[in-house]
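A.B. asks: quick one, fold the following:
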Amino acid sequence: MPYTPGTTKADTVEELRDFIERELTQIAREFSETTVVELRPIYAAPKKPREGMIVSADGVEWNPGSGAGSYEYRGGAWVKL
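C.D. replies: Take a look at the predicted model:
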């Protein structure tokens, strides 16, 4: 289940601290239960690609070389996985 931020009506610093602690605990729980990664297609190359970045190209608006699919940025180029 993805994390959905809560809202607070904290009136004191203590209430705000408790709220933040609960939110951080929920975020940590969500990360620990992640079993899959979902890549949504992107339609343009990332502006600042970094070594090891993995993306899903739509293959039409943005085709890094081998059509639609997952690519990793490796050695200054997009490599299809």
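A.B. asks: which residues does Y73 contact?
C.D. replies: Listed by C-beta atoms under 8 Å, 6 or more residues apart in numbering, the contact set of Y73 reads P46, P49, R50, E51, G52, M53, I54, V55, V79. C-beta: built from backbone N, CA, C; applies to glycine.
A.B. asks: tell me the bridge partners for it.
C.D. replies: Beta-bridge pairing of Y73 under DSSP bridges involves W78.
A.B. asks: can you tell me the SS state at the residue nearest to L81 when sequence neighbours are not counted?
C.D. replies: Once flanking residues are discounted, L81 sits nearest to S70: 4.5 Å by C-beta to C-beta, 6 or more residues apart in numbering. Following DSSP: H, G, I helix; E, B strand; the rest coil, S70 is assigned to strand.
A.B. asks: with A28 instead?
C.D. replies: Taking three-state DSSP, the label given to A28 is helix.
A.B. asks: that one and I20, how far apart?
C.D. replies: 12 Å (C-beta to C-beta, to the nearest Å).
A.B. asks: just the pLDDT for Y3.
C.D. replies: Listed pLDDT for Y3 reads 80.
A.B. asks: residue contacts, it?
C.D. replies: Applying C-beta under 8 Å, 6+ apart, we find Y3 in contact with Q26, I27, E30.
A.B. asks: and it, that one's in a helix?
C.D. replies: No. Counting by three-state DSSP, Y3 is not part of a helix but coil.
A.B. asks: need phi/psi at it.
C.D. replies: Torsion angles at Y3 (phi, psi; degrees, to the nearest 10) stand at phi -70, psi 130.
A.B. asks: switch to numbering from 44
C.D. replies: With 44 as the first residue, the last one maps to Y46.
A.B. asks: as a check, name the ranges of all strands in the protein.
C.D. replies: 84-85, 97-100, 112-117, 120-123 (DSSP state E).
A.B. asks: can I get the third one in PDB, CA atoms only?
C.D. replies: Output for strand 112-117, consisting of C-alpha atoms alone and laid out as PDB, is shown next (Å, rounded to 0.1, in the frame of the first residue of the first chain):
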ATOM      1  CA  GLY A 112      10.900  -0.800 -22.500                       C
ATOM      2  CA  SER A 113      13.200  -0.500 -19.400                       C
ATOM      3  CA  TYR A 114      16.600   1.200 -19.800                       C
ATOM      4  CA  GLU A 115      19.500   1.800 -17.500                       C
ATOM      5  CA  TYR A 116      21.800   4.700 -17.800                       C
ATOM      6  CA  ARG A 117      25.300   3.200 -18.000                       C
END
